[in-house]
Every structure is written in structure tokens, then in C-alpha cells.
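[1] pasting the sequence and the predicted model now:
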Amino acid sequence: MQMTTAVRMGISVSVATGLYGISFGALSVAAGLSLVQTQALSLLMFTGGSQFAFVGAIAGGGAPALVSASLLGLRNLVYGAQMNAVFAPHGLTRMLQAHVTIDESVATSVAQDGHDEQRRGFWTAGLGVFVLWNLFTLAGALLGDALGDPKAWGLDGAAVAAFLGLLWPRLHNRDTVAIAVAAAFVTLMLVPVLPPGLPLLVAALVSALTSWQLGKRAVR
């Protein structure tokens, strides 16, 4: 594969996100799941936020986190519709694309200019995160208590930094800054009062409405 900007960005995002799988693996076995169950979640569910929420439900013995896990997964439906419209996959490619349609692959794709670069970014990040997330999930599950508190490693910060790196170049005019600020504000206000997952969905709706309003203004 040609080492383009999209490929380099996809590799960087894959490493930053994949490393966070160590935390999931360690937390999952600490919550009582077996190594096989932990690995199955990363292989089959493969959506980090929902996986953490699911493990939280197991550890806490309550249903609310299971609801949160489902809500967090709903965003992938929106991503899937967007990526299907862009790439129009068929057959087995369609199934594989659906499985690796996650925050990181979509964000890497939309950060690119040009259809070919968008495709390279999507597949590099999607497949890269899948491979590394599962490898580091296995490492975290095997090491378990030897890691200590996974939060102390700051791996969640690496994933956030990767997303900020994708976002920053897109803030090239007042409209995109306004959309980002509106979504961030809504998320911060709702996180303390709504179950995990809902603030992200509301922020996505606010982003869409803000973008629509700005588009209407530009047409006038």
C-alpha cells in the first residue's frame, strides 16, 4: 500500500487506540470474565465504548450499563449509513466494512481530501485498530493484575489525543469551529445527567442541526 497521508494517519490512530485495549483486557478479567470471553468481546463486539460499558454492567451487576452499551453502539448505525453512501461496498467487502466502521476509521476517512485517500484512511484505521485492539486486549487480559491500575498508564489520553489530532486540521473556518464548540458544549453539559452514550447521540444531533442551519445561512 502506498504510504500516503491517509495511511500514515490511519497507522498513528491505530497505535494510539489499540494500546487502549490493554485497559479493556485488564478490566474485563478483573470483572470476572474469562480470557476467551474477553477476547470474544473484542473480536465480535469491537466497539470500545460499548465494551467498557458492558464490562461495567458485569462488574456492577446492573442493567443500566447494558443500556449504555447499546446506546453507544447506535452511533455506528449512523457511521455505517455514511460510509455505505461514500464507498458503496458489495458482498464480503460490505460485511467487513460494517465490522470495522468505528469512530476511528470514520474520523480518519472524513479527514481526508479525495475519494481514494478517504478509502485508504478508512481501511488503514479500521483494520489497524481491529488487529491492534485485539492484540492488546489479549495482552491486558494475560497480564491482568501485573499492570496495576490501567488508568495510571494514561492510555485513554492517547486515544483522545489521536482524535484531537484528526479534528484540529478540520477547524479551518468559523463554521466548523462553531459546530465543534456546539457539540462539545452539549456533551459537557449532558455527561453528568444522562447515561453514557446519550450525550454523544445528542451532540451528533446538535452537530447535524448546526451544520444544516449554517448551510441555510450560506445559501441566502
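    Now that the structure is in, tell me what you want to look at.

[2] surely L127 touches V100?
    Yes: using Cβ atoms under 8 Å, L127 is in contact with V100, at 6.0 Å. For the C-beta atoms, the positions are set from N, CA and C on the backbone; glycine is no exception.

[3] who's more crowded, those two?
    Of the pair L127 and V100, V100 is the one with more neighbours under other Cβ atoms under 10 Å, namely 19 against 16.

[4] surely that one and V129 touch.
    Yes: the pair V100 and V129 passes the contact test of Cβ under 8 Å, sitting 7.4 Å apart.

[5] counting neighbours, what do you get for the nearest residue to L190 once chain neighbours are set aside?
    Closest residue to L190 apart from its sequence neighbours, by Cβ to Cβ, 6 or more residues apart in numbering: P199 at 3.9 Å. Counted with other Cβ under 10 Å, the neighbours of P199 add up to 20.

[6] ok now the biggest helix by length in the chain, how far from the chain's centre?
    Longest helix of the chain, by residue count under DSSP state H: helix 115-143. Centre-to-centre, helix 115-143 and its host chain are 11 Å apart (Cα atoms, centre = their mean, to the nearest Å).

[7] now that helix: buried residues?
    In terms of neighbour count (16 or more other Cβ atoms under 10 Å), helix 115-143 has its buried residues at 117-130, 132-138, 140-141.

[8] ok, now stretch 21-39?
    For stretch 21-39, burial by neighbour count (16+ other Cβ under 10 Å) applies to 21-31, 33, 38-39.

[9] check which helix or strand covers P199.
    For P199, the host element (DSSP states H and E) is helix 198-219.

[10] now that helix: average pLDDT?
    Regarding helix 198-219, the rounded mean pLDDT is 66.

[11] spit out the contact partners of the closest residue to G32 other than its chain neighbours.
    Computed as Cβ to Cβ, 6+ apart, the closest residue to G32 that is not its neighbour in sequence is I58, at 6.3 Å. For I58, the contact set (Cβ atoms under 8 Å, 6 or more residues apart in numbering) comprises 31-33.

[12] helix or strand right after the lowest-mean-pLDDT helix or strand in the chain?
    Using mean pLDDT, DSSP states H and E, helix 155-167 stands out as the lowest-scoring helix or strand of the chain, at a mean of 55. Beyond helix 155-167 in the direction of the C-terminus, DSSP H and E gives the next helix or strand as helix 174-190.

[13] hang on, the earlier thing: A204: which of the contacts of I58 is nearest?
    A31 (28.8 Å; Cβ to Cβ).

[14] how near is the closest residue to F130 other than its chain neighbours to L142?
    Among residues not flanking F130 along the chain, V100 sits closest, at 5.5 Å (Cβ to Cβ, 6+ apart). Using Cβ to Cβ, to the nearest Å, V100 is found at 24 Å from L142.

[15] okay, now the domains of this protein?
    The record's domain parsing of the chain by automatic domain parsing lists 5-170, 172-220.
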